[in-house]
Each structure stands twice: as structure tokens, then as C-alpha cells.
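Participant: what follows is a predicted structure for the sequence shown.
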Amino acid sequence: MDKKLREYFDGKVGNHLLPFYWQHGDHYEKIPEQIERIAASGCKAFCVESRPHRDFCGETWWRDMDLILSEAKKRGMKVWILDDNHFPTGNANGLLKKKYPERTVYQIDTKGITTISLAICKKVGELYKEGKSVEEILKWAETGVDHFAMYFFADDLKFFKHSGRVSGLTATMGSILGIRPLIYMSAEGKMDSYGTARGRRRAIEAVVGKVLELGDKPAEHTIFIGHSDGDDLVQETIACLKEKLGENLDIQVVLVNPTAGSHCGPNGLGVCFSAIHR
């Protein structure tokens, strides 16, 4: 606790609050003042939400982004950007269809978000490099995505209270008792609870236990650890995985995206792995 307090008072702690910064394309002159207000509130990062912008990816949008990035840089802030004009992302603001009307756009439902989607995209890239055709990759995806499992936990129930997933009383008592909700990505692509763990160590052991229970030769495939500003938890999880599966593991550590992070809060952690089933 003393170490954490010293880091806090020395200004060395990571960012734990990440607001959306909505863009409409009509307040260029106010951008410096608005970013200053975000910084003054204690936020060291924000996510640019551009969907309402009337000139997304156009000249005025890039003008606004230049100023946003410049002002954030002055204050040492991190900037995230939503990468398209609507959900689901991936259509490049409609540019691909306009520029290449004769091309076909293929879609794969990863039945998940953030870390599990990254793992599946990596696998698709590997299949492409192996010379697989589009048709073969799509055929693989019909069942292949179901063999990527994601199990994770949140460090504090209060963020689930904010999203309406638990009551205020449950969140308060859970935080006092150190209870962590255990969650997984289901075969339908939904986040479902499968229990709780008391304390971080037990939560880590529960997640790693799922790798041992459901893993399909996990030591022979990349294991992804996604986290929300939980570097200490990452190191504990890596140590636990290596203790159970051996030292020569291919582990890739990534930060979850802001949307997922804002739901689970800081110090959330999950493990994605090749599995018999989800």
C-alpha cells in the first residue's frame, strides 16, 4: 500500500479514467479549452468519438485532429481514436466500396471483442500467409472462431454498477470483501459470468485454471493476455502460466480497447487461448 501511495503522490500512476471526447466539427476554437478541462479533471487520456462529425475523414476532421493531438501532446496525454464512422467498424468510412466497387468485402464474426478478436485476426493472417484462399479461410471461420476462448475478471464491482450489471449494494459489498467477478466470452459472443473469486491471486488462478481445463495444446499456440492498466497482474499471470505450462510459452500482452476497459475498470485482466471449446 505504501508503494502505491508513493507512486500516486509522485504522479507516477497510470491513467484510470478515459472519457469520450465527442466531435461534431463545429467547435474548433474551443478544442484547447476543452482538452485543458479534461486534463485538469485528472484524466491523462481520452478517446476521440468522431461518429457525429459531419466531415469524418474529410479536411475539417483532419484539421480538428491536428489541433487535438497538438494540445494533448503539450499536456502529456494519451489519445485514442474510434476508427470508423459507425459500428461495426471496418468499412473505412465507406471508402473501400466507393473506390473499389467491383471488389467483394468478406466478413468474419469473431463472436467477441478486443483481445479475442485480435487472436482470431492473427490466426486469419497466418492462414493467408500459408496460402489459404478466401473461401478456405471463411470455411475455417465457420467453426474455428469457436476454438478461441477468453476468460477474465474485473478488479472492482463498482464499474459493473455503473453499467447496471450489478446493484449498488452488491458492488459495495463485493469491493469491501475483495470479490472479483469471473467472466467468459460465450459461444454466442456474449459476456457471461461463471463465478467469483475472492482476491486477485485466486482470480488469476481461476482464469489460468480454465486454460488448463479447456486449452487445446495451449503451450503450442500464442496465449494472449489482455488487461486494463494492470501491469502487476500481467506479471503474476505470466508467472502462473509458466509454472503450469513451462517456461517456453509464446505470450502476447495487449491493452484492451477503451470501450472494454471502461466497462471493467482498471486492473481488469483476461487470458485468450486456443481451446477445445469456449
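Facilitator: Good, I have the coordinates.
Participant: low-confidence regions, the stretch 1-150 of the chain specifically.
Facilitator: Counting by pLDDT under 70, the low-confidence segments of the stretch 1-150 of the chain come to 1-5, 7-9, 11-16, 83-92.
Participant: would you list every one of the strands in it?
Facilitator: Secondary structure of the stretch 1-150 of the chain (DSSP state E, counting those that start in this stretch): strands at 20-22, 45-49, 78-81, 148-153.
Participant: tell me which of these sits most buried.
Facilitator: Counting by mean count of other C-beta atoms under 10 Å, strand 148-153 has the highest mean neighbour count of those, with a mean of 26. All C-beta spots, glycine's among them, are computed from the backbone N, C-alpha and C.
Participant: other SSEs contacting that one?
Facilitator: With contacts defined as 3 or more C-beta pairs under 8 Å, 6 or more residues apart in numbering; DSSP states H and E, the secondary structure elements packing on strand 148-153 are helix 114-129, strand 179-185, helix 200-214, strand 268-274.
Participant: for these, give me JSON lines that also has distance to residue 94 and mean neighbour count.
Facilitator: Putting the helices and strands packed on strand 148-153 into JSON lines (distance: least, C-beta to C-beta, whole Å; neighbours: other C-beta atoms under 10 Å) gives the following:
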{"stretch": "helix 114-129", "distance to residue 94": "21", "mean neighbour count": "18"}
{"stretch": "strand 179-185", "distance to residue 94": "29", "mean neighbour count": "22"}
{"stretch": "helix 200-214", "distance to residue 94": "39", "mean neighbour count": "18"}
{"stretch": "strand 268-274", "distance to residue 94": "31", "mean neighbour count": "25"}
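Participant: can you pull the contacts of residue 224?
Facilitator: Shown in contact with residue 224 (C-beta atoms under 8 Å, 6 or more residues apart in numbering): 115-116, 118-119, 251-254, 271-273.
Participant: I meant residue 99, not that one.
Facilitator: Per C-beta under 8 Å, 6+ apart, neighbours of residue 99: none.
Participant: quick one: average pLDDT of stretch 180-193?
Facilitator: Mean pLDDT, computed over stretch 180-193, is 88.
Participant: dump that stretch to CSV, keeping only the CA atoms.
Facilitator: Extracted in CSV, the C-alpha atoms of stretch 180-193 (Å, rounded to 0.1, in the frame of the first residue of the first chain):
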residue,chain,number,x,y,z
ARG,A,180,-13.9,-10.4,-8.3
PRO,A,181,-16.5,-11.4,-10.9
LEU,A,182,-15.3,-14.2,-13.3
ILE,A,183,-16.5,-13.8,-16.8
TYR,A,184,-16.1,-15.5,-20.2
MET,A,185,-17.0,-15.0,-23.8
SER,A,186,-19.7,-17.5,-24.7
ALA,A,187,-20.2,-19.4,-27.9
GLU,A,188,-22.9,-16.8,-28.8
GLY,A,189,-20.4,-13.9,-28.3
LYS,A,190,-21.9,-12.8,-25.1
MET,A,191,-20.1,-11.9,-21.8
ASP,A,192,-21.4,-14.3,-19.2
SER,A,193,-20.5,-14.8,-15.6
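Participant: chain center to it, what's the gap?
Facilitator: Remark: stretch 180-193 is offset 14 Å from the chain centroid, using C-alpha atoms, centre = their mean, to the nearest Å.
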